[in-house]
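Chemist: pasted the sequence and its predicted model underneath.
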Amino acid sequence: MRASHPTLVAASRTILSQRDAMVARWSDWLRDRLAVAHGIEPALVERQLALILDVLASMVGPLRRETKPIWARVTEHYGRLAAARGLAAGEVVEEMQYLRELLIRYLAPSIAALRPRQGMALLLRLNRIVDQGVAIAVVGYTDAIVRTLLPGHGGEETPDTESFDGDAAARELTDIARSLTAISSRING
């Protein structure tokens, strides 16, 4: 049995209502890693985490098909930023996997209140979305690492590995957020 439309809408709302608490917990969990990331403001990573949850809420809801390319963009961005933070590939996976733990912790009461089949369908959907996000984040991470190792990879000029353009990363997050808003307003407006 597939999760029903009302179930998906309720899950999406729950994610959005718990977003700030999940971002705070995720940031606390990342605190040591963020402290070592030279030149990358923790506020930028927190903004990215919030956007990931916003997009995820849309991926669970009725806009999932329209939001799928945005999910790919935001999780790929996460992987590229993780490379700039100096993480290893396994750490990127670990950080994205923590999202699954957060979802289970914060959505457990809502899922437990559902009929077993609906709850299982929702859990499977959430797991599939997180797994896709992990895979795309690793691709973004790998692409960023390859760009630093192979000059001109992909037709792009190779940036200096010591320089990180936080403004460009912030602009990209703003662009991703605008894309999400555009889809939401097109459907809701």
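Modeler: Perfect, I can see it now. All figures in this text were calculated on a predicted structure; none of them were measured in a lab. Residues are numbered from 1 along each chain as shown.

Chemist: and the longest helix seen in the chain, average pLDDT?
Modeler: Longest helix in the chain, counting residues (DSSP state H): helix 116-149. For helix 116-149, the mean per-residue pLDDT is 93.

Chemist: now do stretch 178-185
Modeler: Averaging pLDDT along stretch 178-185 gives 91.

Chemist: how about stretch 82-101?
Modeler: 93.

Chemist: for stretch 105-112, same thing?
Modeler: pLDDT averaged over stretch 105-112 gives 91.

Chemist: and the gap between Val23 and Gly61?
Modeler: 19 Å (CB to CB, to the nearest Å). The way it works is simple: take the backbone N, C-alpha and C, and place the C-beta from them, glycine included.

Chemist: tell me what the longest helix of the chain is packed against?
Modeler: In terms of contacts (3 or more CB pairs under 8 Å, 6 or more residues apart in numbering; DSSP states H and E), helix 116-149 is packed against helix 5-36, helix 42-60, helix 64-84, helix 89-112.

Chemist: Gln18 is in contact with Arg105, isn't it?
Modeler: No. At 9.2 Å, Gln18 and Arg105 do not qualify as touching, with contact defined as CB atoms under 8 Å.

Chemist: higher neighbour count, the two?
Modeler: Gln18 (19 against 13; other CB atoms under 10 Å).

Chemist: which pLDDT value belongs to the more buried one?
Modeler: The model's pLDDT for Gln18 equals 95.

Chemist: with adjacent residues omitted, what lies nearest to it?
Modeler: Excluding its sequence neighbours, the residue lying closest to Gln18 (CB to CB, 6 or more residues apart in numbering) is Tyr106, at 4.4 Å.

Chemist: residues contacting the one you found?
Modeler: With contact taken as CB atoms under 8 Å, 6 or more residues apart in numbering, Tyr106 is in contact with 14-15, 18, 21-22.

Chemist: which one of these has the most neighbours?
Modeler: Ile15 (24 neighbours).

Chemist: cool, thanks, talk later.
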